[in-house]
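Peer 1: my questions are about this predicted structure, shown below with the sequence.
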Amino acid sequence: MATQLEGQIRAGTVAELKAAGCRVVTGGGHAIAVIYHDGQVHAVDNRCPHMGFPLDRGSVKDGILTCHWHHARFDLSGGGTFNPFADDVRSFPVTVVAEQVWVDPQPVARNEAEHWAGRLQDGLEHNIRLVTAKSVLGLHSAGAGYRVPLRIGADFGATYTAAGWGPAMTILTAAANILPHLAEEDRPVAMYQGLLHVARECAGRPPRFVVAPLPTGETRPEIFKQWFRNFIDVRDDDAAERCLRTAIGLGLPPGDIADMIFAAATDHIYLDAGHVVDFANKAFELLDHIGWERASPVLTSLVHGMARARRSQELSAWRHPIDLASLVWQARAELPELYAQGRRQRGRWTGADALAGALLSESPGDILDAIKAAIKSGATPGDLGSAVAYAAFLRMAHFHTSNEFSDWDTVHNTLTAANALHRALQRAPSIELMRGVFDVAISIYLDRFLNMPPQRIPETGRAPVDDNQILAELAEHMDVRQQVEPVSRLVSRYITGAGEPDALVAALGRSMLLEDAGFHSFQIVDAGFNQYQARRGTESGRHVLIGLARFLAAHAPTPRAVGQTYQIALRLHRGEELFREP
Ligand code: FES
């Protein structure tokens with residue numbers, strides 16, 4: 001008669017195990033494979049950590065356990081895997097007393113947060129999205145908080161792409177920005193999607209080599225600002241990067257660093273169609289999440305793109321048939337004087353929505369004059385940013401589906417540039433950065449043909465609505481292609497019927513996360529959420545959400561492969577069965 005070992009599971013005698021090779025016992029919520037091999041007994045979780053195949057159906061040779069589904073291999077003695085696409089399998093302590101084999105149903109202890117942080121690094125390095133999804137879930141349930149995976153992704157993305165800041169880091173930051181507006185269960189999905197874009201964009205790219213700071217006696221912010229602008233102007237990215245790295249290393253205040261970057265980002269007209277300001281703004285937003293101590297690697301990753309950016313004054317659309325660039329240069333030159341004239345009324349100006357309407361004019365001269373008049377009347381940099389952002393959302397709300405499909409991106413691009421400029425103006429208001437308002441306004445003007453004819457925005461109404469019914473219909477429409485107008489009407493009905501706006505915002509976020517969402521989808525959801533928050537309960541807020549929803553509806557459904565991987569990870573995480581016998 002075997003002596004009972006407290007809390008342990010009896011797996012039979014050594015002789016029985018030797019004859020059977022493997023036995024499965026259960027306890028502590030685990031199915032445990034107890035395996036006899038080469039004179040020793042080992043116990044591991046019977047679910048393959050890759051996708052749950054029963055490991056008792058695998059094979060053992062030379063101390064290596066091989067799963068027969070995708071052939072992941074594990075060191076039988078400790079459970080460590082030889083294949084990064086799988087994970088280490090949990091092992092359980094085994095005791096042999098008087099030829100009886102006992103298994104402790106508590107797996108060998110490990111630090112869960114540390115383990116999953118390491119696995120996330122593996123997922124990023126090997127660009128394996130299932131590992132990334134499992135790691136995000138593992139960190140989430142270990143209580144690590146969103147900043148832990150965000151910092152890992154940010155460090156990786158800032159290091160492993162020689163070209164510097166790009167769409168993936170923008171997506172990662174947008175994912176972090178939208179978290180507070182999402183349903184609790186969708187937050188890890190957003191983080192997973194942001195991280196997988198970083199892994200994808202960095203795959204196969206060389207790392208960025210770090211430039212050492214200058215051994216300088218110079219400490220004046222205005223000198224660094226002047227140097228940096230000059231180096232960007234002549235496209236000398238090495239010199240500009242060294243200058244920026246030195247300024248950050250010297251401990252110049254974040255406001256001064258932002259000022260020098262945004263000034264250089266607007267010294268030329270609408271650099272890279274607004275992407276330079278967009279990326280710079282996102283880099284600062286990322287630092288808001290992960291801390292200023294990472295400013296050096298994050299902000300210097302912007303420099304290459306800033307120096308190489310296309311300058312819109314060189315584009316024919318900005319020169320012909322109307323010399324828009326010259327109009328913008330002229331308006332920029334007047335800016336300091338106009339701003340000085342508006343000093344007394346600063347902060348009392350209330351014409352943001354009217355200005356947004358004027359920005360949709362068909363005369364570039366009238367558009368620039370309307371901005372100049374607003375500045376002279378006391379509009380703040382933030383007011384101007386808000387007006388251009390709203391005007392850009394109106395372009396999206398009025399975008400007609402008879403346009404080419406790719407034209408959605410044209411309108412979208414202006415919209416995200418406008419939102420970024422608005423955010424940047426709130427962070428680091430300056431005369432230099434205000435020049436960007438003229439640039440974005442002219443981009444809105446150039447998009448005017450995409451509102452011809454303008455799609456009608458649904459009427460307002462006050463009929464009470466069944467919130468849940470509308471949200472359910474919204475989700476159904478997102479399952480069908482090109483439901484742009486039905487979705488627009490649903491969103492409008494929801495808001496005008498006094499539906500709970502946070503639920504609608506979360507539902508729109510979920511709609512995006514269900515898809516194989518990319519750069520543009522994350523950007524517009526981030527921009528839409530940001531612009532809506534400042535306009536809650538207003539007509540302009542309704543227009544913003546309609547614009548956002550129309551874009552999402554136009555781009556749904558996708559194959560949803562990214563979400564399928566996440567669902568696999570989630571089911572494994574919950575202990576559900578993935579493999580079923582035929
Ligand atoms: S290798 Fe085991 S389930 Fe894939």
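Peer 2: Nice, I can see it.
Peer 1: drop to CA atoms for contacts and neighbour counts, all remaining ones
Peer 2: Will do.
Peer 1: nearest to the ligand: which residue in the stretch 201-350 of the chain?
Peer 2: Proximity of the stretch 201-350 of the chain to the ligand (CA to the nearest ligand atom) peaks at residue 203, 22.6 Å away.
Peer 1: can you pull the contacts of that residue?
Peer 2: Contact partners of residue 203, counting by CA atoms under 8 Å, 6 or more residues apart in numbering, are 125, 126, 127.
Peer 1: isn't residue 508 right up against residue 551?
Peer 2: No - judged on CA atoms under 8 Å, residue 508 makes no contact with residue 551 at a distance of 10.8 Å.
Peer 1: number of residues surrounding residue 354?
Peer 2: Residue 354: 12 surrounding residues under other CA atoms under 10 Å.
Peer 1: cool, and residue 348?
Peer 2: If you count neighbours by other CA under 10 Å, residue 348 ends up with 11.
Peer 1: domain parsing for the protein?
Peer 2: If you go by automatic domain parsing, the domain ranges for the chain are 9-103, 112-202, 221-308, 322-451, 467-562.
Peer 1: how about these in CSV, adding mean pLDDT?
Peer 2: Below are the domains of the chain laid out as CSV (pLDDT from 0 to 100):
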stretch, mean pLDDT
domain 9-103, 95
domain 112-202, 97
domain 221-308, 98
domain 322-451, 96
domain 467-562, 94
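Peer 1: minimum distance to residue 572: which of those domains has it?
Peer 2: Proximity to residue 572, assessed across the domains of the chain by CA to CA, is greatest for domain 9-103 (6.8 Å).
Peer 1: wait, does that closest one contact the ligand?
Peer 2: Yes - Domain 9-103 reaches the ligand (CA under 6 Å from any ligand atom) through 48, 50, 51, 52, 53, 67, 69, 70, 71, 72.
Peer 1: most neighbours out of those, which is it?
Peer 2: Most neighbours among those, by other CA under 10 Å: residue 48, with 27 neighbours.
Peer 1: give me every residue that touches that one.
Peer 2: So residue 48 contacts 54, 55, 67, 89 (CA under 8 Å, 6+ apart).
Peer 1: what's the burial count for residue 98?
Peer 2: Neighbour number of residue 98 under other CA under 10 Å is 10.
Peer 1: I meant to write residue 197 there.
Peer 2: If you count neighbours by other CA under 10 Å, residue 197 ends up with 25.
Peer 1: now for the top helix by length along the chain, which elements pack on it?
Peer 2: In terms of residue count, the longest helix belonging to the chain (DSSP state H) is helix 407-427. In terms of contacts (3 or more CA pairs under 8 Å, 6 or more residues apart in numbering; DSSP states H and E), helix 407-427 is packed against helix 275-290, helix 381-397, helix 431-446, helix 519-533.
Peer 1: can you give me how far the strand ranked longest in the chain is from the chain middle?
Peer 2: When the chain is parsed with DSSP state E, its longest strand is strand 30-37. From the chain centre to the centre of strand 30-37 is a distance of 41 Å (CA atoms, centre = their mean, to the nearest Å).
Peer 1: just checking: what are the partner strands of that strand?
Peer 2: Applying DSSP bridges to the sheet, strand 30-37 is found paired with strand 22-27 (antiparallel), strand 40-45 (antiparallel).
Peer 1: mind listing what's buried along that strand?
Peer 2: Under the neighbour-count criterion of 16 or more other CA atoms under 10 Å, strand 30-37 has 30, 31, 32, 33, 34, 35, 36, 37 buried.
Peer 1: secondary structure class for residue 136?
Peer 2: On the three-state scheme (DSSP: H, G, I helix; E, B strand; the rest coil), residue 136 is labelled helix.
Peer 1: residues contacting it?
Peer 2: 116, 120, 149, 188, 191, 192 are the contacts of residue 136 under CA under 8 Å, 6+ apart.
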